[in-house]
Each structure stands twice: as C-alpha cells, then as structure tokens.
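A.B. asks: Below: sequence and its predicted model.
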Amino acid sequence: QVQVAESGGGLAQAGGSLRLSCAASGRTFSRYAMGWFRQAPGKEREFVGAIDWSAQNTYYTDSVKGRFTISRDNTKNTVYLQMNSLKPEDTAVYYCTTGRKPAVTNEWDYWGQGTQVTVSS
C-alpha cells in the first residue's frame, strides 16, 4: 500500500521561508514523478509544482516561480518544497502526490493528508 506523508508546515511571516517534506513508501519512489498542490480556504485545490523521477525537470505555477523550489532525494524516498519570500496568499493546506509515470503529467494517484502553511502579514 502506497503511503504519502507531508511534514514541515507551520506559521511564517511574510518574506520568510519554510521547507516542506514529503515521504512516500510502498512503491519504487525513484520511478515516479512527484507533485505539490495546495488548497486555500474557499478555493479549489491548485497545482504548485512537480518534479520528474530524475529531478532534471521541474515545473511550477506562475505565482510561485522564482520563490519555490522542488527537489527530491531518491535515496530517502523524499521530495521537498522549499518556499522562500512567502506571501500571505501562499496560506493553504499543501498536499504531496505521486505521479503515475516517471515524467510529469497531469495524472496523480496517491495523496498525503496535507500540511497547513500559514503566512502572516
């Protein structure tokens, strides 16, 4: 059974930084792309970014480009989301998800429970 678990959320001030971690188990982690999504109160879940199996290709939504960085350590079955220059509008529950293929596509299967990120102004 595949399990996905996020950690590292919390409270940050505007302009600050947080790093989220996501550990996955139950499948060969290095064979699949990984993604991050977020959901703010009253809004739909939105794509934040993703990384392919090799970490050579990353993708980000426009609102986080230049501020967020996704990386992965296949030896630890973990993907990271480094968030810098945080803004109040980054406040959301952040979710990690596993892709269905090595390359990044719009197909995601297993999801974590989410971790809350709150950015104060």
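C.D. replies: Cool, the structure landed. Residues are numbered from 1 along each chain as shown.
A.B. asks: Which parts of the protein are strands?
C.D. replies: 3-7, 10-13, 18-25, 34-39, 46-51, 58-60, 68-73, 78-83, 92-99, 108-111, 115-120 (DSSP state E).
A.B. asks: would you turn the ones you listed into CSV with mean pLDDT and mean neighbour count?
C.D. replies: For every residue, glycine as well, the C-beta is placed using N, CA and C. What follows is the strands of the chain, written out as CSV (pLDDT from 0 to 100; neighbours: other C-beta atoms under 10 Å):
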stretch, mean pLDDT, mean neighbour count
strand 3-7, 97, 17
strand 10-13, 98, 13
strand 18-25, 97, 19
strand 34-39, 98, 23
strand 46-51, 98, 20
strand 58-60, 98, 16
strand 68-73, 98, 18
strand 78-83, 98, 22
strand 92-99, 98, 23
strand 108-111, 96, 16
strand 115-120, 98, 17
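A.B. asks: Show the contacting residues for the closest residue to residue 90 other than its chain neighbours.
C.D. replies: Distances taken as C-beta to C-beta, 6 or more residues apart in numbering put residue 119 closest to residue 90, at 5.1 Å, once the chain neighbours are dropped. Counting by C-beta atoms under 8 Å, 6 or more residues apart in numbering, residue 119 touches 11, 12, 13, 14, 16, 86, 87, 88, 89, 90, 91.
A.B. asks: Separate out the buried members of these.
C.D. replies: Buried members of the contacts of residue 119, scored by 16 or more other C-beta atoms under 10 Å, are 12, 86, 90, 91.
A.B. asks: with the residues you listed in mind, which one is nearest to residue 64?
C.D. replies: When the buried ones among the contacts of residue 119 are compared for distance to residue 64 (C-beta to C-beta), residue 90 wins out at 7.7 Å.
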